[in-house]
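Colleague: No letters, just coordinates:
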């Protein structure tokens, strides 16, 4: 199956304000009151996921399969962050993105992200089958 609406060059972004619950200290990925890397990665995935989702038929979605992102600068609580994702390559059902994130002052991250297009019901059934013993 081909997904004609998904093409190289498509871009999307997502924004958030850093809260106490987004800090490394709060999520357990560090001890400081700065944006946690896992929270930043989730926003990057949201930008990519939303881009793919709005261009797929209802019975399909995408799942993240690879994140290779450098977190280059800290962001304090209260500051806005913006993540962006641009499709740079498509290999069958695999979509490859160049991703980045910035706060109000500087670029804070860059890297690559890959997502794979799956049929919703089939994928969920496969995951749920792990519960049956």
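Modeller: That came through, no problem. Keep in mind the model is a prediction, meaning the values are calculated, not measured.
Colleague: Only C-alpha atoms from now on, for both contacts and neighbour counts.
Modeller: Will do.
Colleague: For residue 44, identify the helix or strand it belongs to.
Modeller: Using DSSP states H and E, residue 44 maps to helix 37-53.
Colleague: Give me the distance from that helix to the chain's centre.
Modeller: 2 Å (Cα atoms, centre = their mean, to the nearest Å).
Colleague: May I see the buried residues of that helix?
Modeller: 37, 39-41, 43-52 (16 or more other Cα atoms under 10 Å).
Colleague: in this protein, which spans are helices?
Modeller: 24-27, 37-53, 120-128 (DSSP state H).
Colleague: Dump these into a markdown table; add mean pLDDT and distance to residue 64 as well.
Modeller: Below are these laid out as a markdown table (pLDDT from 0 to 100; distance: least, Cα to Cα, whole Å):
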| stretch | mean pLDDT | distance to residue 64 |
| --- | --- | --- |
| helix 24-27 | 98 | 21 |
| helix 37-53 | 98 | 7 |
| helix 120-128 | 97 | 13 |
